[in-house]
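Enquirer: Need coordinates for the following:
(3 chains, ligands or ions: 3)
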Amino acid sequence: MNVQSKPGKGGYIGQSMPRPNAVRLVEGRAQYVDDVMLPRMLHVAYLRSPHAHAKILAIRTDAAKKAPGVVLVATGKDFANIEKFAGVLAHFKGMKSAQQSVIAIDRACWQGEPVAAVVAESRHLAEDALELIEVDYQPLPVMVDIERGLDADASVIHAELKDNLCFSRDVDAGDFDAVAARADHIVEQTFRFPRHTGVCLEGRSVLGNWISADKRLTVYISHQAPNMVQDCFAKLLGLPESAVRVICVDVGGSFGIKTHVYGDELATCALSMMLGRPVKFVADRLESFVSDIHSRDHLVKGKIAVTKEGKLLAVSFEDRLAVGPYSVYPRGSAVEGNQICNITAQWYTLEAYRARMQTVFTNMAPYSNYRAVGHPVAVGIAEGLVDAAARKIGMDPIEIRRNNLIPDHAFPFQSVSGMKFEVMSHHRCLDELVKAMNYEALRKEQVELRKKGRYRGIGIASMIEITNPSAMFYGIGGVRVSAQDGCTARMEPSGSIVILHGCGEQGQGTETIFAQIAADAIGVPLETVRLVTGDTEVTPYGGGTWASRGAGVGGEATWQAARALRHNILELAALITQTDIGKLTIVNGSVVDSASGEEKITLAECGRIAYFRPDTLDSYRPELCVTRHFVPKQFPFCFTNGVIACHLEVDVNTGFIELQKFWAVEDCGTVLNPQLVDEQMRGGIVHGIGPTLFEHCIYNENGQLQNGNMADYLVPMPCEIPDMVVCHVSTPTKETEIGAKGAGEAGTAGTPAAIMNALNDALLPFNTVLTDMPFTPEKVLKGLGKV
Amino acid sequence: MKAAPFLYVKPKSIDEAVALKERHGASARYLAGGQSLMPVLNFRLDRPDLLIDINGLSELRGVSNSGSGVKIGALTRHAEVAKSEIVKSQLALLSECIPHIAHPAIRSGGTFGGSVALADPAAEWPACCLALDARIVLRSSKGERRVEAKDYFLGLYDTARTENELLIRVEFPAVAAGTKAVALELARRRGDFAIAGVLAQAKKTGVRLENVRVVFFGISDRPVRLSAVEQGIAEGQPMETIHQAIDAGINPDDDIYQSGATKTHLAKVLLGRAVEQLRQ
Amino acid sequence: MSEQMQISFILNGERKQVLVPMRLHIIDFLREKYELSSPRVGCEHGVCGACTIRVDGELARGCLMLAVQADGKTIETLEHLTQTGEIKDLQEKFVERNALQCGYCTSGMLITAADLLKQGKPASREAIRDHLSGNYCRCTGYEAIVDSIEAVMKKRVESGKRAAR
Ligand SMILES: Cc1cc2nc3c(=O)[nH]c(=O)nc-3n(C[C@H](O)[C@H](O)[C@H](O)COP(=O)(O)OP(=O)(O)OC[C@H]3O[C@@H](n4cnc5c(N)ncnc54)[C@H](O)[C@@H]3O)c2cc1C
Ligand code: FES
Ligand code: FES
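Expert: Ligands and ions are numbered 1, 2, ... in the order given. The predicted structure is shown next:
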């Protein structure tokens, strides 16, 4: 039935299997960090700087220390033995950052930076005591102006760095000026991508439990990369790696927010070590807004050179982005800008490309990688410019893309910026999209409705997405984030299979697809496969879930481990049944004759003999537990591609935008579980809708976040989101046997551009173009000259 | 984000509630639905010493007819207003507002009186009170007093209710039969407070609109009724003239997402739509 | 410790008599005292709906209700709805349709959906979204949630009709 020498032929792979681990969640039996209660557990709350930049002159904690239920009050100096940290990637030339301490010592550099901690019997009591701490601040000049941040007279946040530049990069490929000289038009456009944040429904949470007798720290944490936490916490706390165990059970949303080291989380573990008791920290909503990493925040000036026949010749842009006061540890705050330099418009056959990117330190909240790092901006710039070019020459957006996207037969392909693409399917995806959305009919409807004063717009965004990163992503830069994943596959005496994996679950369905892969690879029923993830003590070393790597990298490790286990089972069965191993295969939990299908021996019987009667096997030693590791090596990244369309209506009197529908066609190679991919796309699209229409961390000139709560920071709720159609094209990668590419971020990458293009398509009759996200009603009205 | 400590009492009678409040004054709060008070307690933006939970005062709950009018008890939940047959048949304007007010879980907790007591400038019920000439009934140890809605809303979260007075009910005079009501508002997300809203009510006789009532909300520090606008509509004046009356009558402040000018513009658009609907 | 008050109430079908700190909202109380983990906090200011529970049969925002206010009331959490089987079909549909990813919003979503299903009437997708308008989910994009509720509603309305016939 599910005999698999190659994945994807009639087995579980490719089927929309439901997630067995979701049952617990719908029954209210999940276990997030806040659900873990340990004996003698204490709670910590952090006092956070109200100033964006201030010298800390004095902190008086006497009254807080005496408050009811308080066990410990600590300030920055109490953590001075913890190493300082900053995320600086060695392969990013010239990148720099000041070193950050867990808790601010002499100076606070953003509104929300922790300056003191109170550990108490309950969170309530800890918060009561926080109010009794007095801090004398001397406000310092605040730097939040992205445009002026690099001016000679700008106030410099860290004097030792000399300026506010974190990282800059110039790419100059082909001769832009010479190529552009051949164009009929050079179209310019400025773009603004707002600063926004993750708003995971579960705040960041950590529970540190130091057991001094064992000299061991157990860290329950809501995180995407357990092994990274283990490595970083051990290093910074001065412990051997083996003394730190990291457990991630259920994680209530992460989206990149939970791939970093946060001072308050580290401090919580340090406090547990100071007290010898478990200490829990759960970020509440208000502190999440000012302490979770923020992202995007770009000001971009772009240009595109196009001929009147619609040939795109060259793209250039300058991108300024505003990060926080430190480069976030350990992944840094510069990957966003770097990705944009690498990939913008690289899905087109351009002759020249010029990019300048400057990442600027500011006194706003720390900033780092958030779902689809850099992509929404890269796709936004490119697709915004392509539509601008199309408008200029009066060409249909589909046609201009057909004319310029890299042909499907041209792969492998090296883009003008030097990106190496193994295989992609832009044209097939575009064809699918045109069919799925019934493009022609929508265009007709648009014309009819315009006559009635209703303005609908259709926006298209083609794109690529970096997935399955190799060690060229972090490892090469000296960042100790694993690009490889390990998987252990073990057969138990009953014939059931246990998969232990370094790559965990935050709801994407990672465990389910690993089970599907393992079941097919071995030949057992899905229900006999059990997954263990999220515990550094028992799982093989792995990278975790980020950069859409779980399926492609973690999945391949699973396949390799499970295939190796299958081989070992067959070897054992061959010996027991005295059959040539070449004639055996495993089907549905039994070893059968591959030709006749006749059952030779069940896995349970193999298990019984292997574990309890190995004496009957002469000198043969069965090995029913194998571990395999996988890391991509042929390409630095595995690029996926896709195209997203947005259909919306603008009320030109109120400036309100009503989303009608989205269509997405994506190519993630082998589709391991269609429903899970669809839902990743849908969730991803909504992450793209947020900052395009609603979400924006609004800071004033004093570095104060103006809307740091859920009533004022507008996340999309059920009524703001339309239905979304998702279709698949599949061109598997040949680098792995399973052929899966990543699928977690494509929706987020393409959606802002699709909405922007749809909006400007709707506004075409008014001769106005909007590129300053989020597109609030006011901005639309201003664009229309109504206010 | 945990509330600072406070004491809690749940009085059994109005007299007891009022007496408690008068004894503790500004350091005590009445607690009704809690849908506005609890967030500010959790934020520690407000830190009373005592909460006086008025939810035990069942006589304050419910919608009933009084003479030719309708009275709504302070503790009537938004959801109960929505379900009330009396409201549906006699206070159509209120029914029109329901879909705009928050979400199911908040509508089942939040109270009519809480909303009118708080007087959020973007809230629907205060605007309805103004549009329908309601009288707000307030209780203290000195007894009851009635305040006309036009004299009740004084500014941002500021009303004629003195610190200790308990809002016990709102009385609505009868609305003339055949009156049409429209409630339009614009909010960025469903159930959010309005960035601009308009309530309009009139009786249509032939092509004319009579007894026109217009109240704007979400555009000032309180709900605003503009008689020049009402007159303009009744007289069938051109929209430009009516817009001038709006410009003269309101001057909204900027907020984090929109300027005052945008709010004024939106108020005009909504009014145009409301009048169109009244004329249908 | 802040002042406490004795209350008596029915929690998930069991009568409880207990001393409660006055300032505690009911979610913290249920989680800490009874180790019920399905009611969750996401914002503690009434916007996200993660804390949605049932109070006397009606939807309530747990973060905006004091524990002392449970006195004399019947409180139900997802644990109870699971136990009684009231929404077994919906829970199964959520799993089958993958209407949850991280699961953090799921208690609130299910309880809010159960409130709509209880009305026993068919509702459009728009009306379903409307009923969920105060429940935030960061993961799913909502569509699968709406799909699941719609499917269960259809099935229930149909089997209701069949039973009536
Ligand atoms: C997410 C969310 C969205 C919302 N959206 C809307 C919306 O769109 N439109 C809208 O109108 N409202 C909205 N609200 C607010 C909601 O309607 C509140 O219920 C209402 O504003 C206050 O009523 P309450 O009974 O909850 O009052 P409480 O929160 O209990 O009290 C509010 C204030 O009024 C005082 N008070 C209450 N009752 C009395 C009384 N009888 N006498 C004297 N003083 C009293 C209290 O002391 C307190 O200061 C929203 C709330 C939330 C959380
Ligand atoms: S926690 Fe109660 S609504 Fe968010
Ligand atoms: S499933 Fe994660 S918030 Fe809804």
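Enquirer: okay, now residue 91: neighbour count?
Expert: I went with chain A, as the question did not name one. By other Cβ atoms under 10 Å in any protein chain shown, 14 other residues sit near residue A:91. Using the backbone N, CA and C atoms, a C-beta is placed for each residue, glycine as well.
Enquirer: Oops, wrong one, chain C.
Expert: Around residue C:91 there are 26 other residues, counting by other Cβ under 10 Å.
Enquirer: again, but for residue B:92
Expert: When neighbours are defined as other Cβ under 10 Å, residue B:92 has 17 of them.
Enquirer: biggest helix in chain C by residues?
Expert: Assignment by DSSP state H gives helix C:143-164 as the longest helix of chain C.
Enquirer: Which residues does that helix contact?
Expert: A:679, A:682, A:718, A:721, A:723-724, C:89-90, C:93-94, C:96-100, C:109, C:113, C:116-117, C:120-123, C:125, C:128-129, C:132, C:137 (Cβ atoms under 8 Å, 6 or more residues apart in numbering or on different chains).
Enquirer: how about it against ligand 3, any contact?
Expert: No: judged by Cβ under 6 Å from any ligand atom, helix C:143-164 and ligand 3 are separated, with a smallest distance of 8.0 Å.
Enquirer: Show the buried residues in the contacts of helix C:143-164.
Expert: A:679, A:682, A:718, A:721, A:723-724, C:89-90, C:93-94, C:96-100, C:109, C:113, C:116-117, C:123, C:128-129, C:132, C:137 (16 or more other Cβ atoms under 10 Å in any protein chain shown).
Enquirer: What ranges does chain C have for its helices?
Expert: C:26-34, C:78-84, C:88-97, C:106-118, C:125-131, C:143-164.
Enquirer: can I see the domain layout of chain B?
Expert: Domain assignment for chain B by automatic domain parsing gives B:7-53, B:58-173, B:179-279.
Enquirer: mind giving me CSV with those and columns for distance to residue A:12?
Expert: Output for the domains of chain B, formatted as CSV (distance: least, Cβ to Cβ, whole Å):
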stretch, distance to residue A:12
domain B:7-53, 46
domain B:58-173, 40
domain B:179-279, 40
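Enquirer: So which of the ones you listed is nearest chain C?
Expert: With Cβ to the nearest Cβ as the measure, domain B:58-173 is the member of the domains of chain B nearest chain C (2.7 Å).
Enquirer: correct me, but residue B:217 touches residue B:128?
Expert: No: using Cβ atoms under 8 Å, residue B:217 makes no contact with residue B:128, being 9.2 Å away.
Enquirer: so what sits against both of these two?
Expert: In contact with both residue B:217 and residue B:128: residue B:199, using Cβ under 8 Å, 6+ apart.
Enquirer: how far away is residue A:215 from residue A:554?
Expert: 32 Å (Cβ to Cβ, to the nearest Å).
Enquirer: To clarify, my last question referred to residue A:245.
Expert: Between residue A:245 and residue A:554 the computed distance is 21 Å (Cβ to Cβ).
Enquirer: Those two: who's more crowded?
Expert: Per other Cβ under 10 Å, whichever of residue A:245 and residue A:554 has more neighbours is residue A:554, with 30 against 17.
Enquirer: How about chain C: which residue is closest to ligand 1?
Expert: Nearest residue of chain C to ligand 1: residue C:46, at 3.0 Å (Cβ to the nearest ligand atom).
Enquirer: Hmm, that residue is touching residue B:109, no?
Expert: No: the criterion here is Cβ under 8 Å, and residue C:46 misses it with residue B:109 at 9.1 Å.
Enquirer: what sits in contact with each of the two?
Expert: Contacts common to residue C:46 and residue B:109, judged by Cβ under 8 Å, 6+ apart, are B:35, C:61, C:64.
Enquirer: What are the buried residues along the lowest-mean-pLDDT helix or strand in chain C?
Expert: Using mean pLDDT, DSSP states H and E, helix C:143-164 stands out as the lowest-scoring helix or strand of chain C, at a mean of 93. Within helix C:143-164, the residues that count as buried by 16+ other Cβ under 10 Å are C:143, C:144, C:145, C:146, C:147, C:148, C:149, C:150, C:151, C:152, C:153.
Enquirer: Ok, stretch A:562-572 next?
Expert: Buried residues in stretch A:562-572, counted by 16+ other Cβ under 10 Å: A:562, A:563, A:564, A:565, A:566, A:568, A:569, A:570, A:572.
Enquirer: mean confidence for it?
Expert: Summarised as a single mean, pLDDT over stretch A:562-572 is 98.
Enquirer: Off-centre distance for that stretch?
Expert: In terms of Cα atoms, centre = their mean, to the nearest Å, the centre of stretch A:562-572 is found 35 Å from the chain centre.
Enquirer: ok, the residue in the stretch 401-550 of chain A that ligand 1 sits nearest to to residue A:250 distance?
Expert: Of all residues in the stretch 401-550 of chain A, the one sitting closest to ligand 1 is residue A:507 (24.9 Å; Cβ to the nearest ligand atom). To residue A:250, residue A:507 is 8 Å away according to Cβ to Cβ.
Enquirer: That'll do, ta.
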